[in-house]
Structures are given as C-alpha cells and as structure tokens.
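Colleague: what's the 3D shape of this:
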Amino acid sequence: MPVAAPQLLWFLPFTLPIAIWVAWSDMKFMKIPNKAVLALLAVYLLIGLFVFPLQVWGWGWALAGIVLAVGFVATSAGLMGAGDAKFAAAMAPFFATSDSRVVLALFAACLLGAFTSHRMLRALPPFRAATADWESWTNKDFPMGLALAGTLIFYPLLGVWLS
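Modeller: Here you go, the predicted structure:
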C-alpha cells in the first residue's frame, strides 16, 4: 500500500476546515473544542463508511480507542493536554491503513515546523499586534493542536505528492 492511501483525499474537504479550526482555537485560547473532536469523529463515522472497507473502518475505531488510552496516560503524566489527546484519538482512524513510521515522522516534522513558526511569529511585532489576544503567545505550554492539525492536513497530500 502506498505511503498515504489515495482514499484519504476524500476526507480532506471535510477534515481541512476542522483542522484549521483546531489550530486557530489552540493558538488563540489554548483549547481544542470538544465540538471539533466530535465533528472529526462524525466525518470518519459517515465518510469512512464510503471510503474504507468495513473491516478497515472498524480497525480505525479500535485505533482511536488505543490512541485515546495512550493519550490519557500522557495527559495524566503531564506530557500533553487533554484536548490534544482527544484530538489525536479522533485523528487516529484516518490513519488506519497508514505506515505508522511515516505518520510519526510527518508528525515530528509538523511539530518542529509548528513550534518554530509559532515562536518566530510571536516575535514579530506586527503579527503579534494583530493577534494580541492569543493566549499561546504568553502561555508556557505549546499549542500542539497546530502540529496535530498539520499532520491531518499534510498526510493525504503527501500520498499525492509521492505517487
């Protein structure tokens, strides 16, 4: 199977606005709305039935449960926020047919890019003035929703680029 299954492009028109919403909300409020998590799960629930075979679709839900359990432990250990854990779990089913090494490498790249971009933009006075009410500029924590959203957006595009 290719790095990113071509079926994942069918999700992109639905996941893209949710991912942008999550990235913006996490930077502005340092929170990922539960409505965004539920919306992403609804996309997988409805569109996934048409995109994946039933067995793969079911494995996606199992993967969501596994990621939620791991996220719960990571949140309890103070490694990530609860919203990040819930959003990662909601993202997980979309990667049911994926090579986990590629997904993790892409997430690492998105995390580095998001962190660097966030820190650079908060140092630019015109950008900072335009977004002065964003909590992420002064919060000690990093808005990981930005990197998670990037992973959700770029993974299907990676499959197109590599094919």
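
Colleague: and the lowest-mean-pLDDT helix or strand in the chain, how far out from the chain's middle?
Modeller: When the helices and strands of the chain are compared on mean pLDDT, DSSP states H and E, helix 145-162 comes out lowest with a mean of 90. A distance of 8 Å separates the C-alpha centroid of helix 145-162 from that of its chain, computed with Cα atoms, centre = their mean, to the nearest Å.

Colleague: Stretch 116-130 too?
Modeller: Distance, centroid of stretch 116-130 to centroid of chain: 22 Å (Cα atoms, centre = their mean).

Colleague: Kindly report the same for stretch 12-22.
Modeller: Using Cα atoms, centre = their mean, the mean C-alpha position of stretch 12-22 is found 9 Å from that of the whole chain.

Colleague: What mean pLDDT does it get?
Modeller: When pLDDT is averaged along stretch 12-22, the result is 97.

Colleague: which helices and strands does the least confident helix or strand of the chain pack with?
Modeller: Secondary structure elements in contact with helix 145-162, counted by 3 or more Cβ pairs under 8 Å, 6 or more residues apart in numbering; DSSP states H and E, are helix 12-29, helix 82-91, helix 100-122. (Glycine included, C-beta is placed from N, CA and C.)

Colleague: Just name the most buried of those helices.
Modeller: The highest average neighbour count among those, using mean count of other Cβ atoms under 10 Å, belongs to helix 82-91 at a mean of 24.

Colleague: contacts for that helix?
Modeller: By Cβ atoms under 8 Å, 6 or more residues apart in numbering, the list of residues contacting helix 82-91 from outside reads 22, 26, 31-34, 36-38, 40-41, 44, 64-65, 67-68, 71-72, 74-75, 144-145, 148, 151-152.

Colleague: How far does whichever helix or strand residue 66 is part of sit from its chain's centre?
Modeller: When secondary structure is defined by DSSP states H and E, residue 66 falls within helix 54-76. Here helix 54-76 shows a centroid-to-chain-centroid distance of 14 Å under the convention Cα atoms, centre = their mean.

Colleague: what's the angle from that helix to helix 82-91?
Modeller: With axes from the mean of the first three to the mean of the last three Cα atoms, to 10 degrees defining the directions, helix 54-76 sits at 170 degrees from helix 82-91.

Colleague: quick one: buried residues of helix 54-76?
Modeller: Judged by neighbour count (16 or more other Cβ atoms under 10 Å), helix 54-76 contains these buried residues: 57, 60, 61, 63, 64, 67, 71, 74, 75.

Colleague: Packing partners of it?
Modeller: helix 34-51, helix 82-91.

Colleague: Can I get the ones you listed in CSV including distance to residue 124?
Modeller: Shown next, in CSV, are the helices and strands packed on helix 54-76 (distance: least, Cβ to Cβ, whole Å):
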stretch, distance to residue 124
helix 34-51, 27
helix 82-91, 25
